[in-house]
Every structure is written in structure tokens, then in C-alpha cells.
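Engineer: could you work out the structure for the sequence below:
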Amino acid sequence: MDAVAGLLDAPRAREAFLLRCSMAAPWAVEVRDRAPLTLLAVVRGSAAVTAGGERHRLDAGGVAVLRGPAPYVVADADGAGRPADPCGAARTPVQAVIHPGQRCTAPDGGPQSAMGEVGVRAWGNAPDRTARDVLLVGTYAQARAVSEDLLAALPAVVLVPGEDWCCPYLPLLAEEAALEAPGQQAVLDRLLDLVLVAVLRRWLEEGSAARRAGQGWWSGADAVVAGALRLLHEQPERGWTLPALAAAVGVSRATLARRFTAAVGEPPMAHLARWRLAVAADLLDETDAPLDAVARRVGYGSGSALSAAFTRERGTSPSEHRLRRRAGLGSGPAAASALDGVASSTGWRV
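Structural biologist: Below you'll find the model as predicted:
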């Protein structure tokens, strides 16, 4: 698996929050839910996304991937005759604010009545049949440890304009979002993953400014670094040393250390240590494997050695990590409390 394949393979929706937004202009929503990753797609009409001080227009078929936890504003793309925002573009005043747990309030923190549920997993200020702007919002409430590490390499906003591509999965996701059927959440999770992977792949293929400049380890611009990353990511269980890794990619230790650090931002062995702990965290989340088995999978000689490194770097023991993550993502009263309004709600809650 190369670096880009690792990037695309990482996202895994698990009871993701998915909503179809039906809007009649003027409209504007500020999202402060602190979600690690959000996909926003325009099904019909247009929208403007403002994040990190920059405003981006999306027309039908366009998709934005927003890396959290920073807030963003999504609004009608016109804003004609309304005050200018800090970017100098006319904008609609925010009418609703989304908080963690998908709780919705007015901008002053009080109740809001401008928007509400308008159907199955549908929310907005107009029914779908009369809405000018229809969007899909897919929120990954909790990222896998590996995806956190990989997606950190992306910019705050990834944009794929609708005129640049045609995603076959997007219409299917929009259709399925309006249905209630057995196993529907699993279907929506997998379709959301497909759309996200398709967006990231298209963005990489198109050649962003960073990719053209050869920036970012995921760009693959440095074949030596890409080869070293592939070995470390595919075989974290091996007892890698800098000399062994350098020999495997055919360069000297000094050359590998210099080029790897320049591209990745940390030395090879430091990256391997972080990668091993990220993989271990995901194995703890997704399997019932004993700690000793997890340790062997990621290159530690024993469960106690892994536990010591895990606790030192992440501030919690492997057993505590497993319990906390499963309380938030599993079943039962604890999960219901932790995911209040995220997985089960059909809309943003007032």
C-alpha cells in the first residue's frame, strides 16, 4: 500500500451523521460541531462555504471536505445586497448554529425557528420539492487513529468543483439518505466512505498546488520517501532500524534521514513509533484481540511494552482507550448518551 492508498483507505464511517439540507434563499448556517471530518456535497443549486477566512462557491455536483475541528459557515451563494463578510463577499447573516452533539441554536444561543426537520434525514427551511439549494452533509463524528494521522496531511478544505467530475455514488447517497430500511445506517456509512474516497482521489489526480509543488509526503514526489513509508505502513511489526530501512530503499542512512524528515516532518523512526501506536489504537477499537496480540501486530515485544509506550504518548492506557472508544461507538446506554443526536437523529436538534 503506497502513501496515497493509505490515505484513501483510512476513512471508515461508523454510524456517521448524514443529513439532506433543503434550503430556500436566503439561508446561512454556522457549524461548530468540532467533528474531525465533514463531507458537504451540493445536490441541487449552489452554496458558499467559508472556512479559515476563505470563501468557496460550490455548484451542483461540487463537494467540499472540511477537516475539523475548526468551525465553518455554509450559506446561499448569492448574498446579494447583504453585508460583506471578512473575505469581501456579500453574505447572508447566520440564522442557525450547530454545536457538538448536532444541537442547533440561534446565533445568540437561544432557540431558533428558522429551520427544522422537513423529512427523513432532511432539515432546512423548505421542503425538498420547493428548495432551490439541496445539500448532503456527512459528518464523521469520530476519526480512526490512522485516519487522523493521514488526513492531517490534507489542507483545511478540499474542493472538487461539480464541473470537474461526475461521481456515480453521490446520487445514490442522496437517494438512500431519504429512505428508512433494515440495515440503512450500514448502507449510508459505506456510501459515504465511497463518496469521500472518490473525492480525495479526484482531488489528488487533478494535482493541487501542493501536489504540483511536491509538498506533502502523500504526494509521492520523492520515490525514496514513498518507498520507505510504504514499508513502514505495511510492515509495522518488523524490527525496523534506520540502517535496515535505508538499505531496503537503496540509499544511505544520512540521505534517507534527511529526505524523509524534509518530506514528512519527522525522522523515520519517530514516524514509525507514531504509526505503530495509531495502528494499535485502531486494533483496540475494532477487534477483541488481547493486548499481547495487538503488540505483536505493531512491532512490540509484549503487551506491557506497548502499554507503557501507549500510555506515555496518549495519556491513557490501552484498556482505558478501548473502554472509552467503545462507550462512545458501541451499543447500550453509554453509547446512547455519548451519541445523543448524532447517529439516531433525523436532523439537527433544537
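
Engineer: for Ala114, what are its contacts?
Structural biologist: Taking CB atoms under 8 Å, 6 or more residues apart in numbering, we find Ala114 in contact with Trp27, Gln95, Ala96, Ala106, Asn125. The C-beta positions use only the backbone N, C-alpha and C, and glycine is treated the same way.

Engineer: quick one, phi psi at the most centrally placed residue in the chain?
Structural biologist: The chain has Leu37 as the residue nearest its centroid, 2.8 Å off, counting by CA atoms, centre = their mean. Per-residue torsions, Leu37: phi -160, psi 130 (degrees, to the nearest 10).

Engineer: tell me what it is bridged to.
Structural biologist: Beta-bridge pairing for Leu37 (DSSP bridges): Arg67, Tyr140.

Engineer: wouldn't it be in contact with Ala70 here?
Structural biologist: No - the criterion here is CB atoms under 8 Å, and Leu37 misses it with Ala70 at 11.7 Å.

Engineer: so the residue nearest to Ala181 when sequence neighbours are not counted, which of the three states?
Structural biologist: For Ala181, the nearest residue in space outside its immediate sequence neighbours is Val187; the separation is 7.8 Å by CB to CB, 6 or more residues apart in numbering. For Val187, the reduced secondary structure class is helix; criterion used: DSSP: H, G, I helix; E, B strand; the rest coil.

Engineer: count residues in the vicinity of Val187, would you?
Structural biologist: As a burial measure, Val187 scores 16 neighbours (other CB atoms under 10 Å).

Engineer: so how far is Leu172 from it?
Structural biologist: According to CB to CB, to the nearest Å, Val187 stands 9 Å off from Leu172.

Engineer: just Val73 next, same as before
Structural biologist: Per CB to CB, Val73 is found 28 Å from Leu172.

Engineer: of those two, which one has the most company?
Structural biologist: Residue environment comparison for Val73 versus Leu172 gives the larger neighbour count to Val73, 19 against 14, counting by other CB under 10 Å.

Engineer: not counting sequence-adjacent ones, nearest residue to the more buried one?
Structural biologist: Once flanking residues are discounted, Val73 sits nearest to Thr50: 4.4 Å by CB to CB, 6+ apart.

Engineer: the one you found contacts Asp76, doesn't it?
Structural biologist: No - taking CB under 8 Å as the contact criterion, Thr50 and Asp76 are not neighbours in contact, 12.0 Å apart.

Engineer: is there a quick PyMOL command that grabs whichever of the contacts of Ala114 are buried?
Structural biologist: For the buried members of these, the matching PyMOL selection, counting by 16 or more other CB atoms under 10 Å, is:
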select buried, resi 27+95+96+125
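
Engineer: per-residue pLDDT, Ala305?
Structural biologist: The predicted local confidence for Ala305 comes out at a pLDDT of 96.

Engineer: again but with Gly214, I slipped
Structural biologist: The per-residue confidence score, pLDDT, reads 44 for Gly214.

Engineer: in contact with Ala41, which residues?
Structural biologist: Gly61, Gly62, Val63, Ala64, Leu135, Leu136, Gly138, Leu170, Leu173, Ala174, Val195.

Engineer: so which of those residues is the closest to Gly315?
Structural biologist: When the contacts of Ala41 are compared for distance to Gly315, the smallest value, 29.8 Å, is given by Gly138; criterion: CB to CB.
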